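Colleague: Build the 3D model from these lines:
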Amino acid sequence: MTTTYTSYQMIAGNLTKSLERVSEQPDVARETEYYLANIGNVKTIDDFFADTRLYNYAIKAHGLEDMGYAKAFMRKVLTEGIDSDDAFAKQLTDSRYTDLVESLNFARHGTSATSFDKAQKGVIDKYARQTLEQNAGEENSGVRLALYLARMAPSITTAYGLLADEALAQVTRTLMQMPDEFAASDIDKQAAAIEGAIDIKDFQDPTKLSKMLDRFTTLWELNNSSDPYDPLAVFGSSSGYGISSDLLLSINTLKLGGR
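Modeller: The predicted structure follows:
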């Protein structure tokens, strides 16, 4: 049986090739071809929501697949953009929403929003990476978490940023060898404990990050080899993240549907 450490190294050791293999999967290739052929025809937010395949592709690419049903919520994110401090996406602690707006910034670019490389190749690259991580998680949740940490590391600047993301919080608890009950303690105390155990700047250092990933995959294997970990506890049903209670509250204030 391949260990978490070995499985992660096999994927990350030649990430370009790993992503190529994912992109060549028939289902991925088919949806990517459709996205490329049609996204340029989308000129408005209404157009985007009218094409379910494009919508599903784009939100999966940004790790938001579990939010697909909340179209009124997603419409508000895209409509308000990110250029003002009080924009809806800016009020959410989850950076995936601002990333989605960056890719499809109708608020800033209007009818030309989908003509940019970030709306086309950028989204395709994100879709392949998301699929790669999901596929890895079907075999080993620890590998998926490690791949996610490697991808998100450049954006980690505070302990609170780690705590705001359940997947990163799980990684952090594993690195610190803290029980899951640690997550129920006071948030400020959690942040202080993290800052005392981990130098946040290490996430920006490729060499130190590599050592951190080695440590995480080794600890994950030790902690979960005889007691299989349930990926749904961290990743949700498919996209990679659970839905926080504050997010559900926000969703419930909006009507479901695309308008």
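Colleague: alpha carbons only for contacts and neighbour counts from here, please
Modeller: OK.
Colleague: Now the spatially most central residue of the chain. Its backbone dihedrals?
Modeller: Centroid-nearest residue in the chain: Gly63, 4.3 Å away (criterion: Cα atoms, centre = their mean). In terms of degrees, to the nearest 10, the main-chain angles of Gly63 are phi 70, psi 20.
Colleague: so how far is Tyr57 from it?
Modeller: The spacing between Gly63 and Tyr57, counted by Cα to Cα, to the nearest Å, is 10 Å.
Colleague: for Ala107, same thing?
Modeller: In terms of Cα to Cα, Ala107 sits 20 Å off from Tyr57.
Colleague: Can you list the low-confidence ranges for this structure?
Modeller: Along the chain, the model assigns pLDDT under 70 to residues 1, 226-259.
Colleague: again, 80 this time
Modeller: Residue ranges of the chain with pLDDT under 80: 1, 93, 225-259.
Colleague: So what touches the stretch of helix or strand Gln130 belongs to?
Modeller: Secondary structure assignment for Gln130, by DSSP states H and E: helix 121-139. Where contact means Cα atoms under 8 Å, 6 or more residues apart in numbering, the residues beyond helix 121-139 that reach it are 18-19, 22-23, 28, 32, 57-58, 60-63, 103, 143-145, 147-148, 231, 238-240.
Colleague: Drop anything exposed from the residues you listed.
Modeller: For those, a burial check counting by 16 or more other Cα atoms under 10 Å picks out 18-19, 22-23, 28, 32, 57-58, 60-63, 103, 143-145, 147-148, 231, 238-240.
Colleague: Show me which residues of the helix holding Gln130 are buried.
Modeller: With burial defined by 16+ other Cα under 10 Å, the residues of helix 121-139 counted as buried are 123-124, 126-134, 136-137.
Colleague: tell me what the helix or strand hosting Gly161 is packed against?
Modeller: Here Gly161, judged by DSSP H and E, is contained in helix 159-164. Counting contacts by 3 or more Cα pairs under 8 Å, 6 or more residues apart in numbering; DSSP states H and E, helix 159-164 packs against helix 166-176, helix 187-197.
Colleague: can you list those in JSON lines and add distance to Lys43 and mean neighbour count?
Modeller: Below are the helices and strands packed on helix 159-164 laid out as JSON lines (distance: least, Cα to Cα, whole Å; neighbours: other Cα atoms under 10 Å):
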{"stretch": "helix 166-176", "distance to Lys43": "34", "mean neighbour count": "20"}
{"stretch": "helix 187-197", "distance to Lys43": "43", "mean neighbour count": "14"}
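Colleague: Switch those over to CSV; also include distance to Val77.
Modeller: Formatted as CSV, the helices and strands packed on helix 159-164 follow (distance: least, Cα to Cα, whole Å):
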stretch, distance to Val77
helix 166-176, 21
helix 187-197, 27
